Structures are given as structure tokens and as C-alpha cells.
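Asker: structural data only, the sequence is not supplied:
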């Protein structure tokens, strides 16, 4: 077990006044060594906590004067201080297995940790969940959680996970729901494996066994050129249409039986099937916005000014690794927040919006509606991952550099922050490595519209800390 390391101290905070320094290791709080940031938050939430610190090998004891519930004013280096609960499934569709060689080591770690589900929205299969985990989740009300279902038939699920415990681990989902834990489910649909009749059987199983689910998203698998699984392939247009129709049929069933639609198809299916996105009201509040459900509709609402603030968080891919805020991806950072590159062209220069192929399909009509000839989309083909990978959140520096090298100098290039983690792309490069200056912009429609407004016409919006971006978020 390691200790939480202080990476930022807010000026004027209780921790700063007590003398806590960046680099200090927190050995214990009130005599207890926290296992993770969840336990850490509970301990530091108390009034006047005692901290035992390791400062370069020296033992330091400090009492921090603060009120009950008052923020300590620290940021620590990681969400977990003990070992990450790694995944022992071997799913054919797992994207970790499809990463190119030579990337940074942290990206290859497969987790199946309920704590990361609570903090960062990761999905857990529950195959490594235990009685003590259930007790902690219930006692500390670690809710909501995200659970990968994929299939409710025990044999199909164990086959998909390549883990015999997959046949029985959904019993923990039943236990979580019995204790009123909010759970959102996911089905990754693999053509020829768990679509068609199997998908219908799974949705029937959800209605029969887990009707208390808050929501259930149905998403297509991504297949990179590095996949070596013969059964895994992208959907055809007909298959995508079939998934949409099945989801719509079951929405009617769920609406009639449990009072809400419960199941939703990812935006990517509508793009693959060349069908219009559902109306905003049918998404019932966009509960699974972060998983690619309704991102296009919310982006449209934001871009057109029909909402006053962004709909939801855009965590991007691999949100919990490499500099993600330990408090969870919804938490503000006290340090390390990426900002726009300072050297950039005139505000009134022609604008190029960098986006992936799927994002371009959504953005094209929005940009066209502006009626401007100085704004264009620049679609970045993903040769780094290859396959059917077309989401903007997986753009990398290598592909961006190749694309930008063919673009004219002196233009403004808008880059969505969803493809960056602590200022780095997934391939390890940074915006400073690109051949053209870029403006890093927040990934929502409000911010993109603001970034496109000519100088002198921008209206201040307190929700926008940075200009903003392109495409409909991490999934597109």
C-alpha cells in the first residue's frame, strides 16, 4: 500500500494554514491510513483532523483547524492508495487488448474496481466483487455505480467475458439494487454474438430480474486494426438498424411496465444506420450522456442556445489514468488543468474545427446552419487505431499532426479537450508538438458556439472556463 501524496495545496486553505506542503505523504488521518480517496474524503471531512505526514523521510504531525464539512484544500496524486482491482475477464471486445504496442504503461491496465466505477464512471462486471465490497458500498452509499451486463443468459455472459464467474456475478447486481444503490447498466453488442435474439433475451432478462436499473445503454463495440479476435467485427448498417428497432420496441415495453424507457441506443448506432436521432424528451434527462447516449442531441441543444449550461461532463477515454483528479472526474482540479496554447492567430482568422469522422457527421449540419464561409470542419482519420475507430475522443497527436500539416498557416484551429489527459494525447504527444498552433476548447456546444463568435460579439458565460470545442463529446 502506498500513501496519498499531496500534489496541490489551495492558497489560504486550512491545509495551507496548517503548513501542509506539496510532496508530503499522508501516512494517516486521525490515526487511520486511508485505502483510497473515498475513505480519505470521509476522514478529512471531520473537524480539526490530525495528519501524520512523511516529509522527505521526516515524520511531521499537524492538526488542521477546520470546520466539519469544510474543505481541507488538498489535491492528492491518485484515487487509489492500495492496489487497483484488476480485471480477470478476457473479453474479445475489450479495447485494452486492441491498443497499439509502445503506449505508456498505465493505459494497458484493465480495472474491474467498483471504486473507479463510483469515482470515474468506469464499468465493472462484478466478477471480482465480494461480500465486504457490498457492505462498504451500502454503508458508505457509493452510488451511482456502472455495471457491464452484456447478456443475462449465464452461458452467453460467461462466454462473452471468458470467465466462468460471469455466469453468476450478476447476483451482486441484484444485491445492489435490493439495497437501493443506483446502478446504470451497459450492453456492448457484438454482431453475431449477443445481438438479435440474444439482445432481446437480455432485455427480457433485465425486465424480469433487474427492473430497478436506473438506465441501460446499448453500445457498439470498437474494433481497432490491432484486434486479433476473429469473431469481432464492426456492425453493418442493417445490423445497426436492427439494434435501434429492438431498443425502440423494448422502450415501449419498459415504459408500460416500469414507467420509464430504461434502455437507450448509443448515438453511433443512429449514425451507422443513417437514421435521425430521437427527440430530446425521449432520453429522459440524458442519464447516460457520458456513455454516448444522447450526446448529439445535447450538443445540438447547447450549440443552438436552447440550454444555458452544458448538459454533462465530458470525461473522455481512460478518464481515471494519468493525471485525472483523484476526487473523481467530475471534481475541479486545483492544478494541472490544460489551457489554450498561448500563441495563436487573430480571433477573426478563418477557423478549422478538428473532429473525428463520427463527430463530423453531427457537426456538419450545425456548422452549415451558421451560413459562414470562414468556418470549416477538418475530419481527422484515425490511422493510429484504425479499424472502425472514428470517435473524436480517440484522436491522437500523430493523426492530428499529419492532418494539420496539410492545412494553411495563420488559421485558427479548435481542438476539443476530450482527447487530452493532463495535456497529453493517448499516443504520448502534446499540442505543442503539432505543426500548427491550436486552441484547446471545452467539449460542449455552448463553448463551441462561443469560440466561433467574431471578436467583440462574445457574450460572457460563467459556465465556460475555456473557449470550447467540437464534436459531440467523448463517444463521438
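Answerer: The structure has been received and is ready for your questions. It should be emphasised that the depicted structure is a prediction, and the values quoted were computed from it without experimental measurement.

Asker: run a quick neighbour tally on the closest residue to residue 70 other than its chain neighbours.
Answerer: Excluding its sequence neighbours, the residue lying closest to residue 70 (CB to CB, 6 or more residues apart in numbering) is residue 14, at 6.6 Å. In short, each C-beta sits where N, CA and C put it, glycine included. Using other CB atoms under 10 Å as the criterion, residue 14 is surrounded by 20 other residues.

Asker: residue 14 touches residue 63, doesn't it?
Answerer: No: counting by CB atoms under 8 Å, residue 14 stays clear of residue 63, with 10.2 Å between them.

Asker: this protein: strands as residue ranges?
Answerer: 6-9, 25-29, 50-55, 58-63, 74-76, 123-124, 145-148, 183-189, 215-220, 263-265, 351-355, 375-379, 412-416, 439-441 (DSSP state E).

Asker: what is the last one packed up against?
Answerer: Of the remaining helices and strands, those touching strand 439-441 by 3 or more CB pairs under 8 Å, 6 or more residues apart in numbering; DSSP states H and E are strand 412-416, helix 445-452.

Asker: swap in the third one?
Answerer: On a contact count with 3+ CB pairs under 8 Å, 6+ apart, strand 50-55 meets strand 25-29, strand 58-63.

Asker: nearest to residue 117, of the ones you listed?
Answerer: strand 25-29 (24.1 Å; CB to CB).

Asker: contacts for that closest one, please.
Answerer: 3-6, 33-34, 40, 43-44, 49-55, 59, 76 (CB atoms under 8 Å, 6 or more residues apart in numbering).

Asker: hmm, back to that, distance of the residue nearest to residue 70 relative to residue 53?
Answerer: 15 Å (CB to CB, to the nearest Å).

Asker: now residue 214
Answerer: Distance of residue 214 to residue 53, computed by CB to CB: 40 Å.

Asker: over to residue 350?
Answerer: Residue 350 sits 53 Å away from residue 53, taking CB to CB as the criterion.

Asker: so which of the two has more stuff around it?
Answerer: Per other CB under 10 Å, whichever of residue 350 and residue 53 has more neighbours is residue 53, with 20 against 17.

Asker: select only the buried ones of the contacts of strand 25-29 in ChimeraX?
Answerer: Remark: buried members of those, expressed as a ChimeraX selection using 16 or more other CB atoms under 10 Å:
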select :3,4,5,6,33,34,40,43,44,49,51,52,53,76
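
Asker: residue boundaries of the helices in the stretch 351-476 of the chain?
Answerer: Under the criterion DSSP state H, counting those that start in this stretch, helices of the stretch 351-476 of the chain are mapped to 357-368, 397-404, 445-452.

Asker: winner for burial among these?
Answerer: By mean neighbour count, with neighbours taken as mean count of other CB atoms under 10 Å, helix 445-452 ranks first of the helices of the stretch 351-476 of the chain at a mean of 23.

Asker: so which of the helices and strands packed on strand 50-55 is nearest residue 293?
Answerer: Residue 293 lies closest to strand 25-29 among the helices and strands packed on strand 50-55, at 37.9 Å (CB to CB).

Asker: check the offset of that closest one from the chain's centre.
Answerer: 30 Å (CA atoms, centre = their mean, to the nearest Å).

Asker: contacting residues for the nearest residue to residue 15 once chain neighbours are set aside?
Answerer: Nearest in space to residue 15, with sequence neighbours left out and distances taken as CB to CB, 6+ apart, is residue 73 at 4.4 Å. Counting by CB under 8 Å, 6+ apart, residue 73 touches 9-10, 12-16.

Asker: buried subset of those residues, written for ChimeraX?
Answerer: A single ChimeraX command selects the buried members of the contacts of residue 73 (16+ other CB under 10 Å):
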select :9,13,14,15,16
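
Asker: return the distance of residue 141 relative to residue 118.
Answerer: 10 Å.

Asker: ok, the two, which is more surrounded?
Answerer: residue 118 (23 against 11).

Asker: any idea how far the more buried one is from residue 207?
Answerer: For residue 118, the distance to residue 207 - CB to CB - is 26 Å.

Asker: try residue 357
Answerer: Taking CB to CB, one finds residue 357 at 35 Å from residue 207.

Asker: again, but for residue 115
Answerer: Taken as CB to CB, the span from residue 115 to residue 207 is 29 Å.

Asker: show me which of these two is the more surrounded one.
Answerer: The neighbour count for residue 115 versus residue 207, taken as other CB under 10 Å, is higher for residue 115 (26 against 18).

Asker: quick one, what contacts the nearest residue to the more buried one once chain neighbours are set aside?
Answerer: Closest residue to residue 115 apart from its sequence neighbours, by CB to CB, 6+ apart: residue 36 at 5.5 Å. Counting by CB under 8 Å, 6+ apart, residue 36 touches 79-82, 115.

Asker: name the nearest of the residues you listed relative to residue 219.
Answerer: Distance to residue 219, by CB to CB, is smallest for residue 115 among the contacts of residue 36, at 22.7 Å.

Asker: wait, the closest one sits on residue 81?
Answerer: No: with contact taken as CB under 8 Å, residue 115 and residue 81 are classed as non-touching, separated by 10.8 Å.
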